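S.K.: Sharing a sequence plus its predicted fold:
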Amino acid sequence: MDAEQLHNDICTALPYDLTTSAHSVDDLDSHWKQGDDGLLRQNGKIYVLDAEGLRLKVVQYKHDHILSGHFSQNKTLKLIQVEYTWPGMCGFVKDFCKTCVTCGHSKTPRHKLYILLKQLPVLDLPWNSISMDFIEQLLESTGFTTIFVVMDCLSKQSIFIPTVETITITAQ
């Protein structure tokens, strides 16, 4: 596909689009202009309609082109934004690049390798494994400002013990 054929396809679909028909040559809005080539431009960039897969063709032309070499979504977006515009272009390009099979096979992942999850041990009896925590900085109630929480990991039964923030534990 070449750019000339793509522009011809955009020109032929232009009269049938309802959203762009409001922006004609007689429009006083300075952001929209229709050039001599018949293309509708918004701020000097070709407006691509959401018809006949034209937006997909533009992205394919800039991303899959032999000279492009399957750029990342940011580079593809910058290439497209030089000439073209449409609402929601960033999300469209992002979705396209994420689903590109060639990019998925050739680009290396840049995250830590996944490791196998370790299964938690199966508990036999209640209160064999407990967890403890503090709920701090509460309003004072009968001299207490903290709650010490002890929870059984098997039954999820909890014991709430009122205490103060200055509690210390000494080993004996």
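M.R.: Here it is on my side, so go on.
S.K.: Tell me the buried residues in stretch 141-154?
M.R.: 145-146, 148, 151-152 (16 or more other CB atoms under 10 Å). From N, CA and C alone the C-beta is placed, and that goes for glycine too.
S.K.: and if you look at stretch 75-94?
M.R.: With burial defined by 16+ other CB under 10 Å, the residues of stretch 75-94 counted as buried are 76-77, 79-80, 83-84, 86, 89, 92-93.
S.K.: How far does that stretch sit from its chain's centre?
M.R.: 15 Å (CA atoms, centre = their mean, to the nearest Å).
S.K.: So which helix or strand of the chain has the lowest pLDDT on average?
M.R.: Scoring the helices and strands of the chain by mean pLDDT, DSSP states H and E places helix 18-21 at the bottom, with a mean of 64.
S.K.: Pairing partners for the next helix or strand after that helix, with directions?
M.R.: As assigned by DSSP states H and E, the chain's next helix or strand after helix 18-21 is strand 32-34. Its sheet considered, strand 32-34 pairs with strand 40-42 (antiparallel) by DSSP bridges.
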